[in-house]
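1. Next one to model:
(3 chains)
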Amino acid sequence: MALSEAPIGQPARYGEVFDRGYKHYDGPQLGRGAAAWALVRYSAKRALGIKKSWTAKIIPILLYVAAAFPVILVVGITAFAPNAEVWDYADFFIFTFVIEGLFVATIAPEMVCGDRRENVLPLYFSRAITRLDYLLAKLVATALLTLTISFIPAFLLWLFLQLLADAPLSAMGDNLDDLARVAVAGGLIALYLGAIGLMISSFTGRKSVAVAVIVVAFLITQALGVALFEAVDRGSAYHDYLVFLSAGQTTIGLVGALWPDSDIDLSELALWTYVAVMLVVVAICCLVMLWRYVPDE
Amino acid sequence: MSRQRRVFIPDNGHVAPLERANLPGVIAGREPTIVVDHVSKWYGDVVAVSDVSFGVGPGVTGLLGPNGAGKSTILKMMAGLLAASSGEITILGGPARGRPGVYKQLGLVPEQESVYPYLSGREFVRMNAILQKLPDPAGATERAIGLVEMGDAANRKMGGYSKGMRQRIKVAACLVHDPQVVLMDEPLNGTDPVQRAGLIALIRALGRSGKTVLVSSHVLVEVERFAENIVVIVNGKLAAAGDFRAIRDKIDAHDHAVRIRTDQPRRLAAALIADPATRALRFDHEGRIVAETDDVRAFYRAVPAAAKRYGIRLFEVQPDDESLTSVFAYLVER
Amino acid sequence: MTNLFWRTFPVTTLTVRQFLGGKAVRVVVAMSAIPCLFALIYLINTTVATPRDYLVEVVFRGLMAPTLLPIMVLILATGALGNEVEDRTLPYLTMKPMGRLRIAFEKLLGVLVVAVPAVLAGLLATYGIVRVAASDYQPVFRRAAENLDLTSVLGPMLVAATAGVVATASVFLFVSLVIPRALLVGIVYVFVWESLLGRFLTGIRIVSIRHYVESIFVDRLDDPAYTLDNATGLRAALIVVVVVSVVSVVLAAWRLRRMNLE
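-> Now for the predicted structure:
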């Protein structure tokens, strides 16, 4: 509270700053890395609706339930009928792609739209964080969250299937290659979808518009991709590359290349092509976002 | 004017039962246009407004209080936008909520700056005129825009308006149907001195013409310029209601308690007890000095003088938070 | 002319201006062009289906009814009142001597004024392109008497789409007053409820707008080649659409009366 009439403390001199009980911070200054990591954790919490009303939490929870459902189903069937024909990992990833897409559409706008709408970006950028730090923090937060739905359910599936085997420990050892594939698929998908979702979200301050555009983009490119895939002659040289027109086709193609024994027959492209193209898409999304966060003047 | 003015200052924690004839804030013998009757509003565990009762009659009344005191909540409940958790608000003889007809006689300048950025100022005011079902919306629009002197900018999109222009176009929209009761939530925020003078003149003119005008503000010197009657809200409770000067006199007659945090409390206490402005001194559990005084102005001069003389550092000097004095000191010193 | 709009339907005019001033309408217009893209792809290779099949199965029942139409309408319907709540401008409308039913109805009208032309224009343009493709179509499916008539598809498409726009718009106008993330909820409804679950649990279709849209379409088309399981009759479907819309508008008005505006 202010005092108006006379200066306090030091001998009066014009232009003095008075100590009015401000709390000074004397603790350690952790710097950019810690600030960015704090932003990662904060963004992730907000996107999941932690410490917000139940309406903000309900959709992430529903999507987690939806992702857990096939795990329980497959494990359950395998437990009672070990020889039954159930989903392999490829089928699993194809099914969960829809959930991953909706999940990214839920969290990515939550990550960046509010900051733009409420005009708090200058506050961030006048602190220890640079524009690049901000974007990387948001990308890491998005990718980490998406991992919980693109990797963890698949990992649990792998784990439970090994535990159901006659000799769980040796089964784990034998199937380590499957685990590696699950990790590659989950990680790449999280990064790839997250970057696309964030890039789209960076164009608007309205979360709802961003959600709609992300969903529509995933969906329509998927439908267009499939339509073009069928319309173009299979023998032509560029036919196989049409998978990259849509996130869904790319993901299915990647899964097909990781598990060559599955019945996915999309293209003849090698695994490294998928990895390279997906990483390039991530890089392009980052560049577009950087451009979106260039100061106006 | 030699009207008898009544002043109401509630005791701490004591709630007087509401009597219509004896309503805080209403001049004796006058009929209040707005009656706030034991109104509370809470959000979950947070109490925003706590058992407030007062009345507002014709003329300009200032609704005064620090930021976050509950002024906006009270205005929104009056405007029928929020439902009170308990209690009742009556405007022009009926409840404000669930009675759209009342809006023919009621206007609100909302606190938020947001307007329709894609409309021009003129279109916005005209829309309000049309929604009010006025017979001559175009004429009413021009009149209202003239009142706030926005003629030059009225054809521009509101998205490009400055804060002061937004405030003024909101006032024009609120006044377009010439309502009997006008509620304004911090209308002077974001205005420059010239715009402020214009708005204050407009508010005074509205009051003189017999309308009931309730204007909220957290800046006392502003309120002084347009309102003689004030209602003071602190922490969601009614702190004072009545004539501005009468309230100030009453408070000055009250004891004042001031808390002082310093590096040498005993030495400062010794110096202060010798000062005629100090009536009593004690230490609180944090080692701060709690001084009581009858003459707060003299005391506020004595403290730094003593500190300077004996080379004592002062970390904090503030009025006791619980008291009305502190609010007033806060409001006055802004 | 604008004056006339303002004076007769002020809230509708405001809503249309709101849409035209924002980004949402660009997304909607872009989406209405999407079926045209599919028609263009069909131009490349017409061997995948007969033109009539393509229009019925791919464009309308594959793309428009299940996905594009609901999302286009969702974007507009949840924005019409939702944005006013979010921007805290709703008091400018509710603090007027005007029935809440009128506000709700005019808002719905504002959504329809933008959504119906957008959806119908997309369908018409797509129809035009498929017609061009049909002109040099060589029958490859040796089905007995392949039906190549396109004109008879257009009417049912437009009627069913209009019914779908009206029903979806009214329902989500109301939902946007109850739930803050109405668009996301709507999208989950469209994909999880109508598409995913609707495929497995046929009972769900009774409470799915898409089911009635397709029922109307199939009934008007009246072609044994295109059917719908458990299709509702035309009259019943239309009654459902009208009742759902009226009830939603009434609920929205009720909600406007009850809600607290911060």
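2. ok, now which ones touch residue 90?
-> By default, I'm working from chain A. Taking Cβ atoms under 8 Å, 6 or more residues apart in numbering or on different chains as the criterion, A:Ala90 is in contact with A:255-256, A:258-259, A:262-264. Quick note: C-beta positions are derived from backbone N, CA and C, even for glycine.
3. please go with chain B instead
-> B:34-35, B:37, B:96.
4. Show the buried residues in the contacts of A:Ala90.
-> Among the contacts of A:Ala90, the ones that count as buried by 16 or more other Cβ atoms under 10 Å in any protein chain shown are A:255-256, A:258-259, A:262, A:264.
5. any idea how far chain A is from C:Val166?
-> 20 Å (Cβ to the nearest Cβ, to the nearest Å).
6. Quick check: residues of the stretch 51-200 of chain B near chain C?
-> B:76, B:79-83, B:98, B:100-104, B:106-108, B:110, B:112, B:114-119, B:123, B:126-128, B:130-133, B:137, B:173 (Cβ under 8 Å from any Cβ of the partner chain).
7. still on that earlier bit, mind checking which of the buried ones among the contacts of A:Ala90 land in helices?
-> Taking DSSP state H, the ones among the buried ones among the contacts of A:Ala90 that sit in helices are A:255-256, A:258.
8. restrict the residues you listed to those near chain C?
-> Applying Cβ under 8 Å from any Cβ to these, none is adjacent to chain C.
9. Tell me the one among those residues nearest to chain B.
-> Closest approach to chain B among those (Cβ to the nearest Cβ): A:Val255, at 45.9 Å.
10. can you tell me which residues contact the closest one?
-> Neighbouring residues of A:Val255 by Cβ under 8 Å, 6+ apart: A:89-90, A:93-94, A:185, A:262, A:264.
11. Just send those residues back as CSV, with secondary structure and pLDDT too.
-> Below are the contacts of A:Val255 laid out as CSV (DSSP: H, G, I helix; E, B strand; the rest coil; pLDDT from 0 to 100):
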residue, secondary structure, pLDDT
A:Tyr89, helix, 87
A:Ala90, helix, 87
A:Phe93, helix, 88
A:Ile94, helix, 85
A:Ala185, helix, 94
A:Ser262, coil, 80
A:Ile264, coil, 77
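12. what's the helix or strand encompassing A:Gln162 packed up against?
-> In the assignment (DSSP states H and E), A:Gln162 maps to helix A:152-164. Contacts defined by 3 or more Cβ pairs under 8 Å, 6 or more residues apart in numbering or on different chains; DSSP states H and E place helix A:152-164 against helix A:54-80, helix A:89-117, helix A:168-174, helix A:176-201.
13. List of residues touching the shortest one?
-> When you say that, I think you mean helix A:168-174. Helix A:168-174 is contacted by residues A:162, A:165 when judged by Cβ under 8 Å, 6+ apart.
14. mind listing the strands for the stretch 201-334 of chain B?
-> With DSSP state E, counting those that start in this stretch as the criterion, the stretch 201-334 of chain B has strands at B:212-217, B:229-234, B:237-243, B:256-262, B:278-283, B:289-293, B:314-319.
15. looking at the ones you listed, which is closest to chain A?
-> Among the strands of the stretch 201-334 of chain B, strand B:314-319 comes nearest to chain A, with 4.3 Å by Cβ to the nearest Cβ.
16. Strand partners (parallel or antiparallel) of that closest one?
-> If you go by DSSP bridges, strand B:314-319 pairs up with strand B:256-262 (antiparallel).
17. mind listing what's buried in the helix or strand of chain A with the lowest mean pLDDT?
-> Within chain A, no helix or strand scores below helix A:121-125, which has a mean of 82 by mean pLDDT, DSSP states H and E. For helix A:121-125, the neighbour count (16+ other Cβ under 10 Å) marks A:Tyr124 as buried.
18. Also stretch C:132-141?
-> Those would be C:133-134, C:137, for stretch C:132-141 by 16+ other Cβ under 10 Å.
19. which one of those residues sits closest to chain B?
-> Among the buried residues of stretch C:132-141, C:Ala133 lies closest to chain B (Cβ to the nearest Cβ), at 40.0 Å.
20. which SSE is the closest one in?
-> helix C:100-135.
21. What's the first helix or strand after that helix?
-> Moving toward the C-terminus from helix C:100-135, the next helix or strand (DSSP H and E) is helix C:151-178.
22. Would you indicate which residues of that following helix are buried?
-> Under the neighbour-count criterion of 16+ other Cβ under 10 Å, helix C:151-178 has C:153, C:156-177 buried.
23. For chain B, what's the nearest residue on chain C?
-> For chain C, Cβ to the nearest Cβ, closest residue to chain B: C:Gly21, 2.9 Å.
24. Just give the nearest non-adjacent residue to C:Ala231, would you?
-> Spatial nearest neighbour of C:Ala231, excluding adjacent residues (Cβ to Cβ, 6 or more residues apart in numbering or on different chains): C:Ser215 at 4.7 Å.
25. Wasn't that neighbour part of a helix?
-> Yes: under DSSP: H, G, I helix; E, B strand; the rest coil, C:Ser215 falls within a helix.
26. Surely it is in contact with C:Arg235?
-> No: using Cβ atoms under 8 Å, C:Ser215 is not in contact with C:Arg235, being 10.5 Å away.
27. Number of residues surrounding whichever residue of the stretch 201-334 of chain B sits closest to chain C?
-> Chain C sits closest to B:Leu214 of the stretch 201-334 of chain B, with a gap of 15.0 Å, by Cβ to the nearest Cβ. Using other Cβ atoms under 10 Å in any protein chain shown, B:Leu214 has 24 other residues around it.
28. out of the contacts of B:Thr90, who has the most neighbours?
-> Neighbour counts for those (other Cβ under 10 Å) peak at B:Ala96, which has 25 neighbours.
29. Secondary structure class of the closest residue in space to that residue that isn't next to it in sequence, three-state.
-> Once flanking residues are discounted, B:Ala96 sits nearest to B:Gly80: 3.7 Å by Cβ to Cβ, 6+ apart. Following three-state DSSP, the label given to B:Gly80 is coil.
30. quick one: B:Gly80 and B:Leu92 touch, right?
-> No: look at B:Gly80 against B:Leu92 with Cβ under 8 Å: they stay out of range, at 11.9 Å.
31. got any residues that touch both of the two?
-> With Cβ under 8 Å, 6+ apart as the test, B:Gly80 and B:Leu92 both reach B:Val102.
32. who has more neighbours, these two?
-> Legend: neighbour count by other Cβ under 10 Å for B:Gly80 and B:Leu92, higher for B:Gly80 (23 against 18).
33. show me the contacts for that one.
-> By Cβ under 8 Å, 6+ apart, the residues touching B:Gly80 are B:95-99, B:102-103, C:95.
34. ok, of these, which one's closest to chain A?
-> Nearest to chain A among the contacts of B:Gly80, with distances taken as Cβ to the nearest Cβ, is B:Arg97, at 23.9 Å.
35. Surely that closest one forms part of a strand?
-> No: applying three-state DSSP, one finds B:Arg97 to be coil, outside a strand.
36. Neighbours of it, how many?
-> B:Arg97 has 21 neighbouring residues, counting by other Cβ under 10 Å.
37. Kindly report the same for C:Leu256.
-> Neighbours of C:Leu256 under the rule other Cβ under 10 Å: 21.
38. isn't it right up against C:Ala104?
-> Yes: C:Leu256 lies in contact with C:Ala104 (Cβ under 8 Å); the separation is 6.3 Å.
39. Please name the nearest non-neighbouring residue to B:Gly70.
-> Once flanking residues are discounted, B:Gly70 sits nearest to B:Gly236: 4.1 Å by Cβ to Cβ, 6+ apart.
40. Can I get the contacts of A:Ala90 in JSON lines including distance to A:Phe69?
-> Formatted as JSON lines, the contacts of A:Ala90 follow (distance: Cβ to Cβ, whole Å):
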{"residue": "A:Val255", "distance to A:Phe69": "19"}
{"residue": "A:Gly256", "distance to A:Phe69": "23"}
{"residue": "A:Leu258", "distance to A:Phe69": "23"}
{"residue": "A:Trp259", "distance to A:Phe69": "21"}
{"residue": "A:Ser262", "distance to A:Phe69": "21"}
{"residue": "A:Asp263", "distance to A:Phe69": "22"}
{"residue": "A:Ile264", "distance to A:Phe69": "22"}
